[in-house]
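J.: okay, here's the prediction I keep looking at, along with the sequence it came from:
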Amino acid sequence: MPATSQQHLNESFQRIDELARIRRASGSLPRSSNAEDSRALEAFWDKDAILGNGPYRSADIPALLDILQKESAVFKTYLLFSPDQSKLPQTDENTAVFQDELSRSLAFTLGVSAAALDALTDFVAQMRPGEFNDTRKQGLQQTRLGIQQFVDGAVLMIRSPALRSENRSILANALQKNAATLAATMPAAERQALAAMAMTVTAPETREALGAFVAAMQTKDCTGLCAIE
């Protein structure tokens with residue numbers, strides 16, 4: 001990972017938080033269509049500056065989980081936005097209104113998730129017999145469950161009738177790109193459920209990417225993290 005990854009992440013996260021406070025005053029959030037906001041968002045989703053290139057190892061786990069937490073926080077800021085704090089958020093409406101920001105956020109988070117799972121795989125592989133105790137298993141399960149929710153969310157968002165074709169493609173391509181890593185770390189039952197859900201998407205622009213994602217999810221192989229229940 002880049003030596004300046006943590007600094008870049010923290011600075012870009014702080015900038016988005018500042019802009020969110022300003023935009024909330026006028027009933028919105030930072031938008032990709034606004035030049036100032038767009039620069040901040042692009043910095044926050046800058047793969048080269050934040051993730052760099054793999055392989056990702058066990059030593060990267062704390063940094064990767066911190067990235068995942070911050071990316072998740074921004075995603076939820078958009079999904080759970082309500083201009084009136086006394087009213088519950090309308091997530092369907094937010095998915096339509098903020099679809100440009102949500103699709104980019106979720107696509108980048110899927111990449112971070114795959115990197116974190118690579119690092120966790122390396123961590124488990126280095127353990128001696130008996131070191132992978134119940135506490136560590138529970139930690140792995142919690143992380144894996146959180147990541148699965150992002151994957152579920154991406155497939156569900158693709159199915160939204162309000163989503164424009166370019167945003168469907170962004171999400172479908174992210175699922176395809178990270179499918180092999182995701183499949184290798186998920187229990188077979190979860191993979192099959194995801195494949196079934198993805199197969200219900202009929203949008204033609206996603207057919208090739210989601211077809212590859214479904215094929216990865218339907219693999220019979222189950223070793224490493226996949227085999228850990």
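T.: Good, I have the coordinates.
J.: helix, strand, or coil at the residue sitting nearest the centre point of the chain?
T.: The structure's the chain has its C-alpha centroid closest to T109; by Cα atoms, centre = their mean the separation is 2.6 Å. Under the three-state scheme (DSSP: H, G, I helix; E, B strand; the rest coil), T109 adopts helix.
J.: does it really touch S72, like I thought?
T.: Yes: in this structure T109 lies within contact range of S72 using Cβ atoms under 8 Å: 6.5 Å. In short, each C-beta sits where N, CA and C put it, glycine included.
J.: shared neighbours of those two, anything?
T.: F150 (Cβ atoms under 8 Å, 6 or more residues apart in numbering).
J.: mind giving me the packing neighbours of the helix or strand of the chain with the lowest mean pLDDT?
T.: In the chain, no helix or strand scores lower on mean pLDDT, DSSP states H and E than helix 134-158, which sits at a mean of 88. When contacts are defined as 3 or more Cβ pairs under 8 Å, 6 or more residues apart in numbering; DSSP states H and E, helix 134-158 packs onto helix 61-79, helix 99-125, helix 165-185, helix 188-198.
J.: can you flag the weakest of those helices by average pLDDT?
T.: In terms of average pLDDT, helix 188-198 trails the rest of the helices and strands packed on helix 134-158, at a mean of 90.
J.: following element in sequence after it, please.
T.: helix 207-217 (DSSP states H and E).
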